[in-house]
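K.L.:
Next one to model:
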Amino acid sequence: MAHPDLNIRFHEPLAPRTSFELGGSAEALVEVSAVADLGEVLEWAVDSNRSVRVLGGGTNVVIADEGVAGLVIVPALRGIDIDRSGDGAVVVAAAGETWDDVVAETVSEGLMGLECLSGIPGTVGATPIQNVGAYGVETSDVVEWVEVFDREAGGVTRLSPAECSFGYRTSWFRRHPDRSIVTRVAFMLRATGRPVIRYTELEQVVGVGDPPPDVMVVREAVMALRQGKGMVLETGAPRSAGSFFVNPIVDAQTLAAVEAAAGDENAVPRYPAGEFYFKIPAAWLIEHAGFDRGFRQGAVGVSEHHALALVHHGGGRTQDLLNLAVSIRERVEQRFGIGLRPEPIFWGFASSDPLNGAG
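P.N.:
Now for the predicted structure:
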């Protein structure tokens with residue numbers, strides 16, 4: 001039996017809580033609005049022999065049609081605090097805050113560091129887990145610390161950026177999903193200097209000369225670019241989780257093989273990703289493997305704005321999405337020899353990468 005004060009709900013539909021609007025129900029679900037309640041909720045899960053998952057904004061998760069066993073915790077933690085000091089500020093945001101609301105507030109305060117991450121859907125708690133990034137900036141660039149509820153220790157602790165073990169679209173949290181629950185994140189931002197402009201398409205819009213572009217101008221430009229690519233969730237638009245595959249990072253030998261497969265080495269876009277590595281846009285690989293923007297396969301398809309985003313037009317099932325993703329990954333591997341890695345987290349499947357066994 002659930003404790004009456006916990007307000008645990010059973011057989012709660014999860015599709016309305018995800019940006020794909022796909023998937024079945026949670027065996028049990030609870031919204032937690034205070035860190036102090038996490039201990040009691042986790043104790044109930046242990047006593048009832050239920051596994052635990054944490055659902056934020058649902059913008060980077062794919063849920064099985066059969067639903068999810070165990071308890072799903074939805075952090076409803078709120079609060080944003082800005083502590084100015086010298087030429088910058090430490091911004092502390094609770095895990096349940098909407099990410100873009102935090103970005104908007106920091107920009108309105110004239111603080112720099114998050115502007116290139118504008119328009120990304122989801123909650124604050126997910127940003128360090130995925131090491132969310134866009135336009136040359138990653139969460140790890142500005143994180144000061146991450147506060148978590150440590151399930152093994154049974155209390156709250158803070159992790160430094162080094163302890164978070166950030167990588168490209170990953171972190172310690174993603175590699176150890178059952179260990180902790182993010183409760184707050186602190187960001188070290190600047191009040192002086194220049195906004196970070198690392199992407200050519202963004203530079204072409206805002207410029208990089210003197211005087212430097214205003215941080216609000218950069219945010220507006222990023223929002224416009226994301227909207228143009230269909231990467232901003234909008235009412236009435238097909239449902240999506242944004243980038244479905246991670247841009248592959250390859251060595252020079254693999255890049256040469258992709259160039260040979262393309263038949264023109266100058267046709268393959270690439271960006272430096274370390275001294276001996278290059279990042280190839282997954283969207284380019286997908287389109288050149290035969291999946292054009294706007295491609296449709298029943299209720300699912302490829303975004304008409306950006307080939308990296310898979311979309312749900314309504315009335316479909318998660319299996320439809322998996323079948324499309326499998327076809328794309330197989331075709332890219334056949335054409336270019338690169339196995340694309342999915343970016344979303346998969347719930348309710350036997351494997352953490354069900355694309356290996358779907359189809």
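
K.L.:
alpha carbons only for contacts and neighbour counts from here, please
P.N.:
OK.

K.L.:
how about the helices in the stretch 101-250 of the chain?
P.N.:
126-130, 161-164, 172-175, 200-206, 215-228 (DSSP state H, counting those that start in this stretch).

K.L.:
And for the last one, what's in contact with it?
P.N.:
The set of residues external to helix 215-228 that reach it, using Cα atoms under 8 Å, 6 or more residues apart in numbering, is 107-108, 110-112, 115-119, 195, 202, 205-206, 232, 305.

K.L.:
and which of the residues you listed is nearest Phe20?
P.N.:
Val232 (12.8 Å; Cα to Cα).

K.L.:
wait, that closest one sits on Ser118?
P.N.:
No: using Cα atoms under 8 Å, Val232 is not in contact with Ser118; the gap is 9.6 Å.

K.L.:
which of these two has more neighbours?
P.N.:
Ser118 (26 against 20; other Cα atoms under 10 Å).

K.L.:
tell me the contacts of the nearest residue to Gly316 once chain neighbours are set aside?
P.N.:
Closest residue to Gly316 apart from its sequence neighbours, by Cα to Cα, 6 or more residues apart in numbering: Ala299 at 5.0 Å. Listed by Cα under 8 Å, 6+ apart, the contact partners of Ala299 are His312, His313, Gly314, Gly315, Gly316, Asp320.

K.L.:
On the pLDDT front, check Ile129 for me.
P.N.:
pLDDT, Ile129: 94.

K.L.:
Revised request: answer the last question for Gly357.
P.N.:
58.

K.L.:
Equivalent analysis for Arg239, please.
P.N.:
At Arg239, pLDDT is 90.

K.L.:
need the contact list for Ala126.
P.N.:
Counting by Cα under 8 Å, 6+ apart, Ala126 has contacts Gly56, Ala95, Val132.

K.L.:
gap between it and Ile338?
P.N.:
27 Å (Cα to Cα, to the nearest Å).

K.L.:
Same check on Glu330?
P.N.:
Counting by Cα to Cα, the gap from Glu330 to Ile338 is 9 Å.

K.L.:
The two - which one has more neighbours?
P.N.:
Each of Glu330 and Ile338 has its neighbours counted (other Cα under 10 Å); Ile338 has more, 21 against 18.

K.L.:
distance of the more buried one from Ile280?
P.N.:
In terms of Cα to Cα, Ile338 sits 10 Å off from Ile280.

K.L.:
And for Gly56?
P.N.:
As judged by Cα to Cα, Gly56 and Ile280 stand 29 Å apart.

K.L.:
Double-check that Ala45 belongs to a helix.
P.N.:
Yes: according to DSSP: H, G, I helix; E, B strand; the rest coil, Ala45 belongs to a helix.

K.L.:
can you pull the contacts of Val61?
P.N.:
By Cα under 8 Å, 6+ apart, the contact list for Val61 reads Thr18, Ala241, Pro344, Ile345, Phe346, Trp347.

K.L.:
Distance to Asp100 for those - can I get that in JSON lines?
P.N.:
What follows is these, written out as JSON lines (distance: Cα to Cα, whole Å):
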{"residue": "Thr18", "distance to Asp100": "17"}
{"residue": "Ala241", "distance to Asp100": "15"}
{"residue": "Pro344", "distance to Asp100": "19"}
{"residue": "Ile345", "distance to Asp100": "21"}
{"residue": "Phe346", "distance to Asp100": "24"}
{"residue": "Trp347", "distance to Asp100": "25"}
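
K.L.:
tell me which of those is nearest to Pro354?
P.N.:
Phe346 (7.5 Å).

K.L.:
secondary structure class for that closest one?
P.N.:
Going by three-state DSSP: Phe346 is strand.

K.L.:
Please tell me I have it right and it contacts Leu321.
P.N.:
No: in this structure Phe346 lies outside contact range of Leu321 using Cα under 8 Å: 12.0 Å.

K.L.:
Just give the number of residues close to Thr192.
P.N.:
Counted with other Cα under 10 Å, Thr192 comes out at 12.

K.L.:
Read off the pLDDT value for it.
P.N.:
The score at Thr192 is 92. That number is its pLDDT.

K.L.:
show me the contacts for the residue nearest to it when sequence neighbours are not counted.
P.N.:
Of all residues not flanking Thr192 in the chain, Asp87 sits nearest, at 6.0 Å (Cα to Cα, 6+ apart). By Cα under 8 Å, 6+ apart, the residues touching Asp87 are Arg190, Ala191, Thr192.
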